[in-house]
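Participant: Quick one, what's the 3D model for this:
(one chain, ligands or ions: 1)
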Amino acid sequence: MSYQDDPNGYVGSFPKDFTYGPFEQNGDGDSSSLQDDHKPRILLRGLRRSGKSSIQKVVFHKMSPNETWFLESTNQMVKDDINNSSLVQFQIWDFPGQIDFLDPTFDSDTILGGCGALVFVIDAQDDYQDALDKLQLTVTKAYRVNSNIKSEVFIHKVDGLNDDYKMDSQGDIHHRATDDLAEAGLHHVHLSFHLTSIYDHSIFEAFSKVVQKLIPQWPTLENLLNILISNSGIEKAFLLDVVSRIYIATDSSPVDMQSYELGCDMMDVVMDISCIYGMVDETETNTFNNESSSLIKLNNGTVLYLREVNKFLALVCILREENFQKQGVIDYNFLCFRHAITQVFELRNKCQSSGTDRRRSGTPDAVPNGAADSTESTSDHSQPQLA
Ligand SMILES: Nc1nc2c(ncn2[C@@H]2O[C@H](COP(=O)(O)OP(=O)(O)OP(=O)(O)O)[C@@H](O)[C@H]2O)c(=O)[nH]1
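Facilitator: Reported below is the predicted structural model:
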C-alpha cells in the first residue's frame, strides 16, 4: 500500500487552513435549530403480527428481541420520532395491521404525500399470499399519491428458516410481487427486497439501506470513505450512527455481514465502557466525545479501530495488523476525513437554514421543484435531516 500525495488533502497534501488541535463540533449543528414539525417519514406497513413494532423497538429503542414476545398488538397508529440523539432525523409511523390505505376515511394524501419510504413487512414464516395482495394494493396507492416514495419489502422472521427455504421464499416473493405490480400497470416501480430478522444484524443492515437512500449527502459520504480507506490501508470502513448502530455510509466495497457485526459489537463495547468509566460527574449524559476511540486486535491478525467523528457518528475501520503499523498516517487521514465530514454537515445546515428562512418569509423557492439543486433537495421533507 503506498501512501502517496492525494489531491483531496490526505497525507502529503496538507490543506493549508487545516491544523491539528481540538476538533470543534460545528458539523453537529444544534439539532433543536433543525427541528421541524414536518419530519420526513418512513411508514411501516404489513399484516397483523408480521413484526412491525418489534422491528421499530429493536432497532431504535434497544429492546432485546426476546422482549418483543410481550408486545401487544398495535391498535392505533404510533408515530415515533427518531431525532435529537441520533444523526438521522425522521419519523417512523407504525400502522396497525388492520388499517386499510384504501379506506376512504384514511387520509392517504396527507400521510403518503410527505413520506420518504414505505417499508412493507412480510412474515416469511406464515402463508404470505394475503401479505402479497396487501403489498400490491399498498404500493399502488402509495405510488399514485407520491411517485417519489421508495418501496422496501422486508421478508421478515427468516431466523426460523433454513438457507434453501430462505432463498426460495425470497425468489418466490420477488417474482410474485413484481408480477402483481406489472399487472397493475406499474412495471417501472422498483421494489427492494431484504431478508430480515430481529435476532441478528440483518434488520439493522436492512434499515441502514433504507435510511441511506434517503440521505442526499450519501454519495459524498461514500466517496470520502473510499478516499480514506484507499490512502490508509483500511479494508472496510463504516460510518455508524452511535445511537441506533445503523450505518449511514460505508465505502463502496461489498458489505459482508460479519464485518458489520464486528463494527456494531465494537460500538457496543465502547459505549458500555464509556458509560461505566467515562463519566466525570453524575450530571454528564454524553460520555461519547471527541476523546473517544478504541483499538481491538483480533487473534487472526485483524485490527478494529474506532474513532469519534461527532457526537452522533463513529467511524469503525477494519484492517490487517501489518497495515496498522503506520498508525500516524491513519490518524492523520482520519482528521482530514473528519474535517471533510464537518464541512458536509455545515453546508447541509446552511442550506437548511436558508430553506427555513425562505419558508418563514414566504419567499418562493428560487429553484423549481425537481431541479437538481442542493438547496432544493435538502429542504425536501421526504429526506431525513442530518443533525
Ligand atoms: N422469529 C421471529 N419472530 C419475530 C421477529 N420479529 C417479530 N417477531 C415476533 O412476532 C410477533 C408479532 O410482532 P409485533 O411486532 O407485535 O407485530 P406487529 O406487526 O407490530 O403486529 P400488529 O401490531 O398487530 O400490527 C411477536 O411475538 C414478535 O416477538 C423475527 O424477526 N423473528
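
Participant: Tell me if residue 287 really is in a strand.
Facilitator: No - assigned with DSSP: H, G, I helix; E, B strand; the rest coil, residue 287 falls outside any strand and is coil.

Participant: So for it, what pLDDT did the model give?
Facilitator: The score at residue 287 is 70. That number is its pLDDT.

Participant: and the protein, which of its residues are near the ligand?
Facilitator: Contact residues, the chain versus the ligand (C-beta under 6 Å from any ligand atom): 46, 48-54, 68-69, 71, 73-74, 96-97, 156-157, 159-160, 197-199. C-beta coordinates here come from the backbone N, C-alpha and C atoms, glycine included.

Participant: Mind telling me what element residue 317 is part of?
Facilitator: strand 313-320 (DSSP states H and E).

Participant: next one: that strand to chain centre, how far?
Facilitator: In terms of C-alpha atoms, centre = their mean, to the nearest Å, the centre of strand 313-320 is set 17 Å apart from its chain centre.

Participant: In contact with residue 257, which residues are there?
Facilitator: By C-beta atoms under 8 Å, 6 or more residues apart in numbering, the contact set of residue 257 is 200-202, 205.

Participant: what's the angle between the helix or strand following the strand holding residue 317 and strand 313-320?
Facilitator: As assigned by DSSP H and E, the chain's next helix or strand after strand 313-320 is helix 327-361. Calculated by axes from the mean of the first three to the mean of the last three C-alpha atoms, to 10 degrees, helix 327-361 forms an angle of 150 degrees with strand 313-320.

Participant: Does helix 327-361 pack against any helices or strands, and if so which?
Facilitator: helix 218-232, strand 302-310, strand 313-320, helix 374-378, strand 385-386 (3 or more C-beta pairs under 8 Å, 6 or more residues apart in numbering; DSSP states H and E).

Participant: Out of those, which one sits most buried?
Facilitator: Mean neighbour count (mean count of other C-beta atoms under 10 Å) peaks for strand 385-386 among the helices and strands packed on helix 327-361, with a mean of 25.

Participant: got the contact list for stretch 58-78?
Facilitator: With C-beta under 8 Å, 6+ apart as the test, stretch 58-78 has contacts from 48-49, 51-54, 56-57, 80, 82, 86, 92-97, 99, 198-199, 203-204, 207, 244, 246.

Participant: Buried only: go through these for me.
Facilitator: By neighbour count, with 16 or more other C-beta atoms under 10 Å, the contacts of stretch 58-78 hold 51-54, 56-57, 80, 82, 86, 92-95, 97, 198, 203-204, 207, 244, 246 as buried.

Participant: Let me see the backbone angles for the closest residue to residue 225 other than its chain neighbours.
Facilitator: Nearest-residue entry for residue 225: residue 251, 4.2 Å, with adjacent residues in sequence omitted and distances by C-beta to C-beta, 6 or more residues apart in numbering. Per-residue torsions, residue 251: phi -70, psi 170 (degrees, to the nearest 10).

Participant: I'd guessed residue 251 sits against residue 222; true?
Facilitator: Yes - between residue 251 and residue 222 there is a contact under C-beta atoms under 8 Å: 6.7 Å.

Participant: Each with direction, which strands does the strand holding residue 317 pair with?
Facilitator: strand 236-241 (antiparallel), strand 302-310 (antiparallel) (DSSP bridges).

Participant: Please compute how far the longest one lies from its chain's middle.
Facilitator: Pointing back at strand 302-310 there. Chain-centre distance of strand 302-310: 18 Å, with C-alpha atoms, centre = their mean.

Participant: and what of the first one?
Facilitator: The gap between the average C-alpha position of strand 236-241 and the chain average comes to 11 Å, counting by C-alpha atoms, centre = their mean.

Participant: now swap in stretch 69-86 and tell me
Facilitator: With C-alpha atoms, centre = their mean, you get 17 Å for stretch 69-86.

Participant: Quick one: the helices in this structure, in order.
Facilitator: 52-61, 108-113, 129-145, 163-183, 202-213, 218-232, 257-277, 327-361, 374-378 (DSSP state H).

Participant: With respect to residue 42, which of those helices lies nearest?
Facilitator: helix 202-213 (6.6 Å; C-beta to C-beta).

Participant: what residues does that closest one touch?
Facilitator: In contact with helix 202-213 (C-beta under 8 Å, 6+ apart) are residues 42, 55, 58-59, 88, 90, 117, 119, 150, 152, 154, 158, 192, 194-197, 218, 244-249, 255, 257, 260, 264, 384.

Participant: Check what pLDDT residue 266 gets.
Facilitator: Value listed for residue 266 in the pLDDT field: 92.

Participant: Residue 298: neighbouring residues, count only.
Facilitator: As a burial measure, residue 298 scores 11 neighbours (other C-beta atoms under 10 Å).

Participant: Now for it: which residues touch it?
Facilitator: So residue 298 contacts residue 304 (C-beta under 8 Å, 6+ apart).

Participant: With residue 157 instead?
Facilitator: Per C-beta under 8 Å, 6+ apart, neighbours of residue 157: 51, 123-125, 197.

Participant: And the residue nearest to residue 131 when sequence neighbours are not counted, how far from the ligand?
Facilitator: Closest residue in space to residue 131, ignoring its immediate chain neighbours: residue 122 at 4.5 Å, by C-beta to C-beta, 6+ apart. With distances taken as C-beta to the nearest ligand atom, to the nearest Å, residue 122 is found 11 Å from the ligand.

Participant: repeat for residue 274
Facilitator: Noted for residue 274: a distance of 29 Å to the ligand, by C-beta to the nearest ligand atom.

Participant: how near is the nearest residue to residue 255 once chain neighbours are set aside to the ligand?
Facilitator: Using C-beta to C-beta, 6+ apart and skipping the chain neighbours, the partner closest in space to residue 255 is residue 205 (7.1 Å). Residue 205 sits at a distance of 13 Å from the ligand (criterion: C-beta to the nearest ligand atom).

Participant: Around residue 205, how many other residues sit close by?
Facilitator: So residue 205, with other C-beta under 10 Å, has 20 neighbours.
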